[in-house]
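Asker: Task: produce atomic coordinates for the following.
(2 chains)
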Amino acid sequence: MLEWLFDAQKLKKLGVLGMNARNYKLISKVNKRRLYPLVDDKVQTKELAIKAGIATTQKIGLIEYQHQVKSFKKIIQQAPEFVIKPAHGSGGKGVLVIKSWHDDLFMTASGKKLTYADVYQHISNILSGLYSLGGRYDVALIEEMVHFSNVFEQYSYQGVPDVRMIVYKGYPIMAMTRLATSQSGGRANLHQGAVGVGLDIKTGHTLNAVMYNLPIAIHPDTKADLKTLKVPLWKEHLLIASKAYEMTGLGYLGADIVLDEQKGPMLLELNARPGLAIQIANSNGLIKSIKTVDKFYPQNLNPEQRVDFLLNIDNKKTKSILDD
Amino acid sequence: MHQFLHVRRVLFILLFLSILLTGYSIYYKVKYWNFGLTPNKMTDVFIIDAHVSFTALDGPVKVSLATPKNDSNYKILNEDVSAKGYVVEAKDKEGRAVFSAKNKKGKQNIYYRITLYDNEDSRGKIREKAPLEPKAPLYDEQQMQMIDNIFEDIQNMEGDFAQKIILIFNEQPLNESVSALLPVKVSLKEKAAFIVDLLALKNIPSRLVRGVYLEEGKKETLADLMLEVYEGGRWRLYDLRTGQEGLPKNFVPFQRGAISLLDVEGGEKSSVRFSVLKSLTSSFAMAEHRSKLTSTGKLYAFSIYNLPLLAQNILKWLMVFPLGILVVVLMRNIVGVPTMGTFTPMLVAMSLVQTGFFAGLTCFGIIVLTGLMLRSLLSKLNLLLVPRISAVVIFVILIIEAMTIIGYHFDLSISSSAVFFPIIITAWIIERASISWEEEGPKNALTEIFYTLLTAVFTYIVIESEYIRHFTFAFNEINLVILFVVMLLGTYTGYRLTELKRFYPLVKEK
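Answerer: Below is the predicted model of the structure:
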């Protein structure tokens, strides 16, 4: 029952990255603290992405002060659909997706009806810091709604999956997508019962899928065969992730990318301290990939060249050298 | 990577130095200040009352009493006299207490009180100059014959020379030659004087010692007598009855050699009788006096032990926190359990110390559960964050008020302990648990509360212990060690215990 207690050596051999090692050896070395606000604040991230030529969701407006809240309808006048999110939120907390609205009635993506007062309250909560780290005052970002590509439809119960990529020194090294289930209440959190699907970094094809840390072959609600999942426009996904390196200067980051049906992959948000669950979804550790990048991947390439390099390198070769 | 090793090495060196410093300081404080490693180490403190009584002859009176000096066994804490109508003079060179009065008549009582305590740190260290060679006494031929017989008889006995002589003077029935030399009814004092003479014959300096055996409850007894023999550079004490060598632990010498124990001029029928009282004082309380006699008295004066008691008590409480913090660091970075707020467990543990363990936990549980219920009502009102958390703070205050009143009226100490919980922290626990409950489900919220309380309990176990509290206060240098341990833990990059479980599926699959 307690056999897990004695497998630290095996974990190390697999190259599994732990929280302490991530914080001390990785993040504190390659991520400068002054760069954090660039990714912690979604407004800044969006501006940077536009400058760097990365596709991202269009900003509709910004609500910074409480007195502006009552006039939020002016901001969304031209938008039949929109998303309200806290600029400093994390993990999808406080995100409100409005699919359609008329007068004082708002319909959310999950089909809930909200009144003007409900939305007003939600924006007020964002401003007072309910969803931001440490409860500090926040601003509410209103942006266009993504029209999710229907390629994922059969794989997810409610919600729309995004692709999370870990980028080390500009090279995407690991990827996964999180599929909501009825167990997870339509949320994409793995510890609440969402399915984690590890994706082949070169192809976007399913490598491995887990639910509650256990391997799983079909989606529990939609019964879709998870092995058949392949993210389209994969190279474009890689390019966005790779560009995030120059855009922020962060050596280790997590990039969340969504696939819009018309506009293709778009950058949703970046994270300077991405979580470690991606290793479970991939059934693989991050440390080997990090070492491979340090040892074999050139550091003077532009994003396009990096993606090409990544797609062409023979990983069997580097792996055998590293193992020796 | 290189820098990483460098930081570690520096921290290890600092840790090593702090361990050395702490180790030495513990050694020093225990040895010279007599600090106990445990809180209940006690020092025996003895009070000896010397009661001098005599009848004054209607004229000037002068009384001089031999008194003990700081010696290898006892340190003098305090001296006090009670002598009505007498002038107390400063002690002279020989350390005698002198009292004088112009005109006294009739029965007189003078009390001299001395308070002593165990001199653990310098036992057996006091040496003295060699005395003059003793003057050999004169004996007639017949006596010399007896003495030679005695010297012959003792050859087969065990022990050193002085011991042999003491033993032969105590033989039952008495040795023939000894009984021929001594008068029929011989006092211990006369016997002892004879032994001194015999030793002088062999050129061994010796003297009588009068003092008091520290036996609790001793009342109005005469001075006890011992023999002291100079040998090998130091005076050695012998028990006059058993010949046992060495200063008995509980013997306090008042007077040595030819000088008298008590001199009374202008009085008669004088006597001095001793009473002994023993009291226990914590070693800690004696440390100040002890330190004054050492070269580190100044250091002690600047230490926390010389502060007003109130400040000391606050510091004693503070000094245990680093260890509690270490527990929190271990739980979070090595074990890896999530807690609500970094030091919330620490604050809860502090309250538990005030309230008692089970009472505190029960009370805390009631406050949080009631708070959560009220908070769930608040959720429906959709208040803004700051007013909402403020409302929760007021809830907590009202709950505490209600519990305290209920506790008083129904005599429930569990309920009364509610006042000790930190209001703001408790309010935040309720707020966080409530949000976690709404957003991620009750399981998540209860798990977080559970781990917060678990960490609080471990912290409580550490900071509640009187032993640990005493240790971190008496030897507070240990906090330097804890500081560097905490900093070193800041460079720990291994897996957390919970991660071993979290990532276990990866191992199992391969």
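
Asker: B:His470: helix or strand, and which one exactly?
Answerer: Assessed by DSSP states H and E, B:His470 sits inside helix B:466-474.

Asker: Quick check: what element follows the longest helix anywhere in chain A along the chain?
Answerer: In chain A, taking DSSP state H as the definition, the longest helix is helix A:234-248. The helix or strand immediately downstream of helix A:234-248 is strand A:252-260, counting by DSSP H and E.

Asker: name the helices or strands packed onto the following helix or strand past that next one?
Answerer: Next along the chain after strand A:252-260, taking DSSP H and E as the criterion, comes strand A:264-271. With contacts defined as 3 or more Cβ pairs under 8 Å, 6 or more residues apart in numbering or on different chains; DSSP states H and E, the packing partners of strand A:264-271 are helix A:36-40, helix A:42-51, helix A:234-248, strand A:252-260. To be clear about C-beta, it is placed using only N, CA and C from the backbone, and glycine gets the same treatment.

Asker: Just grab the bridge partners of A:Leu62 for me.
Answerer: A:Leu141 (DSSP bridges).

Asker: Between the helices and strands packed on strand A:264-271, which one is closest to chain B.
Answerer: Chain B lies closest to strand A:252-260 among the helices and strands packed on strand A:264-271, at 14.5 Å (Cβ to the nearest Cβ).

Asker: returning to that earlier point: out of the helices and strands packed on strand A:264-271, which gets the lowest mean score?
Answerer: Looking at the helices and strands packed on strand A:264-271, the lowest mean pLDDT belongs to helix A:36-40 (a mean of 88).

Asker: Tell me which residues of that helix come out buried.
Answerer: The neighbour-count check on helix A:36-40 (16 or more other Cβ atoms under 10 Å in any protein chain shown) flags A:38-40 as buried.

Asker: on that earlier part again, in the longest helix of chain A, what counts as buried?
Answerer: So for helix A:234-248, counting by 16+ other Cβ under 10 Å, buried means A:234, A:236-245, A:247-248.

Asker: on that earlier part again, closest to B:Thr67 out of the helices and strands packed on strand A:264-271?
Answerer: helix A:36-40 (75.9 Å; Cβ to Cβ).

Asker: Return the distance of B:Pro60 relative to B:Val88.
Answerer: To B:Val88, B:Pro60 is 15 Å away according to Cβ to Cβ, to the nearest Å.

Asker: For the longest helix of chain A, enumerate the helices and strands it packs against.
Answerer: Judged by 3+ Cβ pairs under 8 Å, 6+ apart, helix A:234-248 is in contact with helix A:42-51, strand A:163-168, strand A:171-179, strand A:252-260, strand A:264-271, helix A:303-312.

Asker: what's near enough to touch residue 226?
Answerer: In the absence of a named chain, this looks at chain A. Neighbour list for A:Leu226: A:155, A:179, A:195, A:197, A:206, A:209, A:216-219 [criterion: Cβ atoms under 8 Å, 6 or more residues apart in numbering or on different chains].

Asker: hmm, I had chain B in mind actually
Answerer: Contacts of B:Met226 by Cβ under 8 Å, 6+ apart are B:208-211, B:237-240, B:251, B:253.

Asker: can you give me the helices in chain A?
Answerer: Under DSSP H, chain A gives helices at A:8-14, A:19-21, A:28-30, A:36-40, A:42-51, A:66-69, A:72-75, A:116-127, A:234-248, A:278-282, A:287-296, A:303-312, A:315-323.

Asker: Give me whichever of the ones you listed is most buried.
Answerer: Of all these, helix A:278-282 has the most neighbours on average by mean count of other Cβ atoms under 10 Å in any protein chain shown, namely a mean of 25.

Asker: quick one: contacts of that one?
Answerer: Taking Cβ under 8 Å, 6+ apart as the rule, helix A:278-282 contacts A:16-17, A:164, A:166, A:174-176, A:178, A:190, A:196-199, A:207-210, A:213, A:285-286, B:502-503, B:505-506.

Asker: what distance separates the helix or strand where B:Tyr451 lies from the centre of its chain?
Answerer: Using DSSP H and E, B:Tyr451 maps to helix B:442-464. Here helix B:442-464 is found 36 Å from its chain centre; the criterion is Cα atoms, centre = their mean, to the nearest Å.
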